[in-house]
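Kindly return the folded structure for what I paste below:
(chains A and B)
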Number of protein chains: 2
Amino acid sequence: MSQLNETHDPSLLSWVESANRPGNGFPIQNLPFGVFREKGASAAFRIGVAIGDQVLDLTALAAQNPWNGLAAEALAACTADRLNRLMALGQAHWSALRLELSRALRAGSPLQTTLEPLLVGRDAVEHDVPAHIGDYTDFYISVHHATSIGKQFRPDNPLLPNYKWVPIGYHGRASTIGVSGQAFPRPVGQTRPATEGGTPQFGPCQRLDYELELGVFIGKGNPQGQRINIEDAESHIFGLCILNDWSARDLQAWEYQPLGPFLSKNFASTISPWVVTLEALAPFREAFQRPENDPQPLPYLSSPANKAAGAFNVQMEVLLSTQASRANGEEPARLSSSNFRDAYWSIAQLVTHHTVNGCMLQAGDLFGTGTLSGPGEGEQASLLELTSNGPITLPWGEQRRFLEDHDEVILRAQCSKPGYPTISLGECAGTVLPAV
Amino acid sequence: MSQLNETHDPSLLSWVESANRPGNGFPIQNLPFGVFREKGASAAFRIGVAIGDQVLDLTALAAQNPWNGLAAEALAACTADRLNRLMALGQAHWSALRLELSRALRAGSPLQTTLEPLLVGRDAVEHDVPAHIGDYTDFYISVHHATSIGKQFRPDNPLLPNYKWVPIGYHGRASTIGVSGQAFPRPVGQTRPATEGGTPQFGPCQRLDYELELGVFIGKGNPQGQRINIEDAESHIFGLCILNDWSARDLQAWEYQPLGPFLSKNFASTISPWVVTLEALAPFREAFQRPENDPQPLPYLSSPANKAAGAFNVQMEVLLSTQASRANGEEPARLSSSNFRDAYWSIAQLVTHHTVNGCMLQAGDLFGTGTLSGPGEGEQASLLELTSNGPITLPWGEQRRFLEDHDEVILRAQCSKPGYPTISLGECAGTVLPAV
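Predicted coordinates for the structure are as follows:
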């Protein structure tokens, strides 16, 4: 999957002109998958692929059955209202479909007249979660986040002894995962008593936070009892999206011992609508580096390919707009930027670790990476880290320690490098409503 | 729901004679729901209700549409291959269906000739998980278990300060929940380094355990953002089953900090095939008692009805058979017995706590109670507790500290009291296979 092929040729142009505009993020080299329908419609969602400022309706295209072989089988799986059937087919099918889509959307393609009527403006559509998510697992793969959070929860013991050996993860809640645009009431719950041994406090969360993460959609699963080896792990990954793992820090501090976060996380999680395939991200692979003096991963988590090209150069940022800033027409303020390449564990290692005990993954399962903070200043990907020394002041004068009602958090991610069109993972926006 | 009605009349007898045998566990007062098909068939599962040694095929009965109103709507929901549609209808529908089933199965019912051809022997069928489980949450509601486990993981701090305030829970894995009869390979994974700062060990789990729990199936869910009040909580519960939360203690000890158990639990969980409705359990309600000197629950977790009748008298036991004992024709050995009435939190409190932050529950979601150890000797519902002072000796001479390959753990639960037919929750059996 590290191999580049004709779909990655940076000189390819599409007959969808908006896809050729520099920096539009959805060039013919991207081709991410999602589900969509016309805004405000009550119809079922359909499967589409984003190209420039358009969506190509694959559900409609499937009715015309333009291809043969694996691509035809993959397109037939796009008649569903979620991506699970396509995801379950596996890498050879995804790749065959991508190749045919790339050829059909290229300038000069004889299929242009067939496809043109199947385009819908991206401005005119709405999305839902792209797959039925059977199980959602959240990991903790930024050592920078783990260390700085650890300092706050356990000052004497910030990075636990297992961190550099075990890709720490825990199960999250699938039912409350929503798509970009999600709005949710501020969670209510118990927090630590004001005095030791006292009665806990109860009310709306006072320390509401976001967490900038990437989401990893599992494609083909594994039978219960059969692990996925590190060499095969990436072939079980369909693609990546952006994920906001909203967190109620005061609820978390009181509830998380001994079994981990629960109500502090499960009220809402938001993902971006487009899933960018690993194949589309191949030009942005990098060596997966561990600090020289750190222990090397155990053999089941090691492979030459993972070391050589298991990391991805994905640039991410967090933006915030508030009720006041929107009323004044201010642009959202950028709070941080960081890069996925700084993670301590690779996505292949996550798949292998998750299944080493025989746990079954299924098509459409979602992994969260955990908060992707970087090592530097301005790379703290949650407010808990960003404001640990005191509130930040936004460009329009407001201050924030944690999120206020009506705050909108916007996460963005993209891959760029000289000589290659920018590949966008889109946007993941969510808004805090007042407590019920 | 605490009210008794004509379906609870202890003198009712069925024209299915086996249901009238004292102690058979599936009298006409029980009527639990599950899914079944003929053993070895590849057909879809159908919905059935257990009566004596028979299953009444509700999917087939629905085609005959014998009833009107809510009961007819509830029966129509039984044409699916899982209970989710029936569960989603809510308590009035479940109750109406139970009443019609009770009348139709009573001795002298004019429907006997209609129903007789729709009976299948329980010996002749196999089961699957009765509902599509969207999310699985495991709680920790036995203070006796929490205290004795806590002593082993944190000798200085066995019961954490939040325990008596927060019904502690965490998310589990839905994909690996199987039905009684499940067999799974011993999990493999990392365990604590032999020396501090050393390299972790890797291999098959050496401390494999069971946990005796009850499962709580959610019926009607709640919209995201809207909590379920304690007064309404029980009306969202469809019923109870038995649950074995298999646990790899050595994996758990190494991985669980700071985000909770993960690979130590998610390789397999086993449930019994029949879901006994809360209505069937009404005769076994009891006052929900807290020790006098303990804090009272916060107001959102308190109601007079919960205090007066929120507990259930369900007697449970754990049995073990081994490869050697089966070869010698020995009966399984009883390892412990305990009672659900000794739990620290009620099932109503679990529903309310889970949703207080706006988390959405959906029909078919499963809660585990956590290990239901009791206060007394012989009431320790896991090996970790039972063998904390050394191995136990089984009646046929073998010793056990933890589970060995080919061990079969059998969990049973039933409600009984003088003057009322025994209500069985059936059996939950599972077998450990050698590591792959």
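
Can you show me the CA trace of stretch A:145-160 as PDB?
Output in PDB follows, covering the C-alpha atoms of stretch A:145-160 (Å, rounded to 0.1, in the frame of the first residue of the first chain):
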ATOM      1  CA  HIS A 145      -0.300  14.700  25.400                       C
ATOM      2  CA  ALA A 146       0.100  11.700  27.700                       C
ATOM      3  CA  THR A 147       2.900  13.400  29.500                       C
ATOM      4  CA  SER A 148       1.300  16.800  29.900                       C
ATOM      5  CA  ILE A 149      -2.100  15.400  30.900                       C
ATOM      6  CA  GLY A 150      -0.300  13.000  33.300                       C
ATOM      7  CA  LYS A 151       1.300  15.900  35.000                       C
ATOM      8  CA  GLN A 152      -2.100  17.300  35.900                       C
ATOM      9  CA  PHE A 153      -3.800  14.100  37.000                       C
ATOM     10  CA  ARG A 154      -0.700  12.500  38.600                       C
ATOM     11  CA  PRO A 155       2.000  15.200  39.200                       C
ATOM     12  CA  ASP A 156       4.300  12.600  40.700                       C
ATOM     13  CA  ASN A 157       3.900  10.100  38.000                       C
ATOM     14  CA  PRO A 158       3.000  11.700  34.600                       C
ATOM     15  CA  LEU A 159       4.000   9.000  32.200                       C
ATOM     16  CA  LEU A 160       3.100   5.500  33.500                       C
END
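
can you count the residues close to the residue in chain A that chain B sits nearest to?
Chain A approaches chain B most closely through A:G260 (2.4 Å), counting by CB to the nearest CB. C-beta here means a position set from N, CA and C on the backbone, and glycine is covered the same way. Look at A:G260: counted by other CB atoms under 10 Å in any protein chain shown, it has 26 neighbours.

So which bits of the stretch 101-250 of chain A are right by chain B?
Neighbours of chain B within the stretch 101-250 of chain A, by CB under 8 Å from any CB of the partner chain: A:134-135, A:137, A:140, A:150, A:153-154, A:160-162, A:165-166, A:168-176, A:178, A:184-185, A:187-190, A:196-197, A:199-200, A:202, A:205, A:224-227, A:248.

In contact with the nearest residue to A:T59 once chain neighbours are set aside: list those residues for me.
Distances taken as CB to CB, 6 or more residues apart in numbering or on different chains place A:R46 nearest to A:T59, at 3.8 Å, with adjacent residues excluded. By CB atoms under 8 Å, 6 or more residues apart in numbering or on different chains, the contact list for A:R46 reads A:V35, A:F36, A:R37, A:D57, A:L58, A:T59, A:A60, A:D81.

Now A:R46: phi and psi?
For A:R46, the backbone dihedrals are phi -120, psi 160 (criterion: degrees, to the nearest 10).

how close does it sit to B:L105?
The spacing between A:R46 and B:L105, counted by CB to CB, to the nearest Å, is 47 Å.

which among the residues of the stretch 101-250 of chain A next to chain B end up buried?
With neighbours counted using 16 or more other CB atoms under 10 Å in any protein chain shown, these contain these buried positions: A:134-135, A:137, A:140, A:150, A:161-162, A:165-166, A:168-176, A:178, A:184-185, A:187-190, A:200, A:205, A:224-225, A:227, A:248.

Just the residues you listed: which are in helices?
Counting by DSSP state H, these place A:G150 in helices.

can you give me the strands for the stretch 1-150 of chain A?
With strands called from DSSP state E, counting those that start in this stretch, the stretch 1-150 of chain A shows them at A:33-38, A:46-51, A:54-57, A:119-121, A:125-127, A:136-139.

picking up where we left off before, quick check: the residue of chain A closest to chain B touching A:G169?
No. Contact criterion CB atoms under 8 Å: A:G260 and A:G169 do not qualify, at 10.0 Å.

what touches both of those two?
Any residue near both A:G260 and A:G169 by CB under 8 Å, 6+ apart counts here, and that gives B:L259.

And for A:A194, nearest residue in space, chain neighbours not counted?
Nearest non-adjacent residue to A:A194, counting by CB to CB, 6+ apart: A:Q201, 6.7 Å away.

what residues are up against that neighbour?
Neighbours of A:Q201 in contact, by CB under 8 Å, 6+ apart: A:Q190, A:T191, A:R192, A:P193, A:A194.

if you set the cut-off to 7 Å instead, what comes out?
Listed by CB atoms under 7 Å, 6 or more residues apart in numbering or on different chains, the contact partners of A:Q201 are A:T191, A:P193, A:A194.

Spatially nearest residue to the second one (excluding sequence neighbours)?
This means A:P193. Going by CB to CB, 6+ apart, A:P193 has A:P200 as its nearest residue, at 5.1 Å.

got any ranges where the stretch 1-150 of chain A has weak pLDDT?
Low-confidence segments of the stretch 1-150 of chain A, defined by pLDDT under 70, are located at A:1-2.

which SS state does the nearest residue to A:N84 once chain neighbours are set aside fall under?
Closest residue to A:N84 apart from its sequence neighbours, by CB to CB, 6+ apart: A:G364 at 4.3 Å. When classified by DSSP: H, G, I helix; E, B strand; the rest coil, A:G364 comes out as coil.

State the phi and psi torsions of A:G364.
phi 100, psi -10.

Beyond the helix or strand A:L335 falls within, next helix or strand please.
Per DSSP states H and E, A:L335 falls inside strand A:333-339. Scanning forward in sequence from strand A:333-339 by DSSP H and E, the next helix or strand is helix A:347-355.

Residues in contact with that following helix: which ones?
Residues from elsewhere that reach helix A:347-355 (CB under 7 Å, 6+ apart): A:137, A:139, A:167, A:169, A:216, A:222, A:227-230, A:233-234, A:236-237, A:297, A:300-301, A:306, A:310, A:361, A:367.

Separate out the buried members of the residues you listed.
Buried among the contacts of helix A:347-355 by 16+ other CB under 10 Å: A:137, A:139, A:167, A:169, A:216, A:222, A:227-228, A:230, A:233-234, A:236-237, A:297, A:300-301, A:306, A:310, A:361, A:367.

Of the residues you listed, which belong to strands?
Using DSSP state E, the members of the buried ones among the contacts of helix A:347-355 that fall within strands are A:T137, A:F139, A:G169, A:V216, A:I237, A:F367.

ok, the last one touching A:V216?
What that stands for is A:F367. Yes. Using CB atoms under 7 Å, A:F367 is in contact with A:V216, at 4.1 Å.

which residues touch the residue nearest to A:N84?
A:L83, A:N84, A:M87, A:A131, A:H132, A:I133, A:G134, A:F217, A:I218.

ok, now with 10 Å
A:82-88, A:129-135, A:174, A:217-219, A:221, A:238 (CB atoms under 10 Å, 6 or more residues apart in numbering or on different chains).

What of A:P204?
Counting by CB under 10 Å, 6+ apart, A:P204 touches A:P185, A:R186, A:P187, A:V188, A:G189, A:A248, A:D250, A:D405, A:P434, A:A435, A:V436, B:N357.

one step back: nearest to A:R400, out of the contacts of A:Q201: which one, please.
Distances from A:R400 to the contacts of A:Q201, taken as CB to CB, are shortest for A:T191 (19.5 Å).

beta partners of the closest one?
Beta bridges link A:T191 to A:Q201 when assigned by DSSP bridges.

ok so, going back, got a markdown table for the strands of the stretch 1-150 of chain A, with distance to B:E379 too?
Converted to a markdown table, the strands of the stretch 1-150 of chain A look like this (distance: least, CB to CB, whole Å):
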| stretch | distance to B:E379 |
| --- | --- |
| strand A:33-38 | 51 |
| strand A:46-51 | 54 |
| strand A:54-57 | 60 |
| strand A:119-121 | 63 |
| strand A:125-127 | 52 |
| strand A:136-139 | 34 |
